[in-house]
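Q: this one's structure only:
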C-alpha cells in the first residue's frame with residue numbers, strides 16, 4: 001500500500017480523539033496508561049502484533065516511536081531500539097503503512113513520537129496528511145521549540161492531530177503555562193532532568209509540577225521518562241496525574257524476550273501496569 005500525501009484538510013475535522021479518550025477515562029475514575037513502543041524493533045510485523053496485544057491488555061493510548069539516527073531525548077535503551085529498527089529497514093513511510101493496515105483493528109489513539117529533522121524531510125503538511133490517513137491521533141516532537149510548535153499545531157489540528165508538548169522540571173513557570181496552553185490532547189510532563197530511561201525512584205517534586213500544570217490549564221497531564229514499573233505508576237496516580245507513560249522498561253522487555261515471546265512479554269508487562277493504573 002502507498003500512502004498519498006495530498007491535502008486532506010476537508011476530510012479531517014478539528015476534533016481531538018485524545019481529549020475525548022481522557023474525558024472518558026476520567027469519568028471512569030481511573031488513570032490513563034500509555035505504553036511506548038519503538039516501531040520496527042525487531043521488525044514491523046512484530047510491532048503490529050504488540051500494538052494489538054497492548055490494546056487487549058488495557059492500554060488506553062499508545063505512543064509509537066519512529067526510529068531516528070540522532071534521538072537526542074532518548075536514553076540508551078530506546079537509542080539502541082531505534083538503531084535496530086533502522087537496521088531492519090524501518091522508515092517513516094513504512095510505519096505509517098503498517099498503522100494504516102491496522103485501522104480496522106486498533107480502536108485506541110496512537111501517538112507518534114518523532115523528531116524535527118524527519119518531520120521536515122517528509123514535509124510537515126505531507127506528514128500530517130499521511131499520519132491522519134493512517135489513523136494517527138497525535139504527535140510528539142521533543143526537539144520542536146515552543147515558538148515553532150505554536151505555528152505547527154494549527155496545521156496538525158486541521159487534520160485531526162494533536163501536537164503534544166513536553167514540560168521538563170527545569171521549565172520556567174511562565175513558559176510552563178504557555179506550553180500547557182499550546183499543547184493539545186494532554187501535556188507531557190517529563191519526570192526527570194535528562195533523557196528517557198528506567199529510574200529506581202521518581203522525584204517528589206514532580207507532584208508539585210503536576211499540580212501546577214493542572215492549575216494553569218484544564219488539559220490532562222501525563223507523566224513520562226523514568227517510570228519503570230507498577231509501583232511508580234501507582235505513585236504517579238497518587239500525585240493526581242491523568243496518565244502514565246512507560247517506555248524504556250517495555251522496550252527493554254521486548255528486546256530481552258526469548259525468540260518468539262516478545263508479544264507475550266509486552267502483554268504481561270502491560271497487564272501489570274494496567275492493574276496499577278486502576
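A: Nice, I can see it. These numbers come from a predicted model, not from an experiment. Numbering: from 1, shown residues only.
Q: in its sheet, what does the longest strand anywhere in the chain sit against?
A: Determined from DSSP state E, the single longest strand within the chain is strand 32-38. Sheet partners assigned to strand 32-38 using DSSP bridges are listed as strand 62-65 (parallel), strand 243-246 (parallel).
Q: for the helix or strand of the chain with the lowest mean pLDDT, buried residues please.
A: Using mean pLDDT, DSSP states H and E, the weakest-scoring helix or strand in the chain turns out to be helix 205-216, at a mean of 88. Taking 16 or more other Cβ atoms under 10 Å as the neighbour-count basis, helix 205-216 is seen to contain the buried residues 206, 207, 209, 210, 212, 213, 214, 216. C-betas here are computed from N, CA, C, even on glycine.
Q: reformat these as CSV; add distance to residue 100.
A: Formatted as CSV, the entries for these read as follows, by distance: Cβ to Cβ, whole Å:
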residue, distance to residue 100
206, 36
207, 40
209, 37
210, 35
212, 39
213, 34
214, 35
216, 37
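Q: list just the nearest of the residues you listed to residue 45.
A: Taking Cβ to Cβ as the measure, residue 45 sits nearest to residue 206 out of the buried residues of helix 205-216, at 36.7 Å.
Q: residues touching the closest one, list them.
A: By Cβ atoms under 8 Å, 6 or more residues apart in numbering, the residues touching residue 206 are 169, 189, 191, 223, 236, 239.
Q: could you check how far the one helix or strand the fifth one maps to is from the centre of its chain?
A: What that stands for is residue 236. Secondary-structure element containing residue 236, defined by DSSP states H and E: helix 230-238. Remark: helix 230-238 is offset 18 Å from the chain centroid, using Cα atoms, centre = their mean, to the nearest Å.
Q: which SS class is residue 139?
A: Taken by DSSP: H, G, I helix; E, B strand; the rest coil, the conformation at residue 139 corresponds to strand.
Q: what is the nearest of the contacts of residue 206 to residue 74?
A: Comparing the contacts of residue 206 against residue 74 with Cβ to Cβ places residue 191 closest, at 14.9 Å.
Q: how many neighbours does residue 97 have?
A: When counting by other Cβ atoms under 10 Å, one arrives at 16 neighbours for residue 97.
Q: if you could redo that for residue 24, that was the one I meant.
A: Using other Cβ under 10 Å as the criterion, residue 24 is surrounded by 11 other residues.
Q: ok, now residue 236?
A: 30.
Q: ok, it to residue 134 distance?
A: To residue 134, residue 236 is 30 Å away according to Cβ to Cβ, to the nearest Å.
Q: name whatever forms a beta bridge with the spatially most central residue of the chain.
A: Central residue of the chain (Cα atoms, centre = their mean): residue 63, 2.8 Å from the mean position. The partner list for residue 63 in beta bridges (DSSP bridges) reads residue 36, residue 111.
Q: export the strands paired with strand 32-38 to CSV and append columns for mean pLDDT and distance to residue 267.
A: Supplementary listing: the strands paired with strand 32-38 in CSV, determined by pLDDT from 0 to 100; distance: least, Cβ to Cβ, whole Å:
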stretch, mean pLDDT, distance to residue 267
strand 62-65, 98, 13
strand 243-246, 96, 14
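Q: pick the most buried one from the ones you listed.
A: Mean neighbours per residue, mean count of other Cβ atoms under 10 Å, is largest over those for strand 243-246, with a mean of 28.
Q: by residue count, which helix of this protein is the longest?
A: The residue-count maximum for a helix in the chain (DSSP state H) belongs to helix 262-277.
Q: and which of the contacts of residue 206 is nearest residue 142?
A: Using Cβ to Cβ, the shortest approach to residue 142 within the contacts of residue 206 belongs to residue 189, at 12.7 Å.
Q: which element is residue 104 on?
A: Here residue 104 is covered by no helix or strand, with elements defined by DSSP H and E.
Q: for it, what are phi and psi?
A: In terms of degrees, to the nearest 10, the main-chain angles of residue 104 are phi -80, psi -10.
Q: now for residue 139: which residues touch it?
A: Contact partners of residue 139, counting by Cβ under 8 Å, 6+ apart, are 111, 112, 113, 114, 128, 131, 156, 161, 162, 163, 164.
Q: brain fart, residue 149
A: Residues touching residue 149, when contacts are defined by Cβ under 8 Å, 6+ apart, comprise 141, 163, 165, 182.
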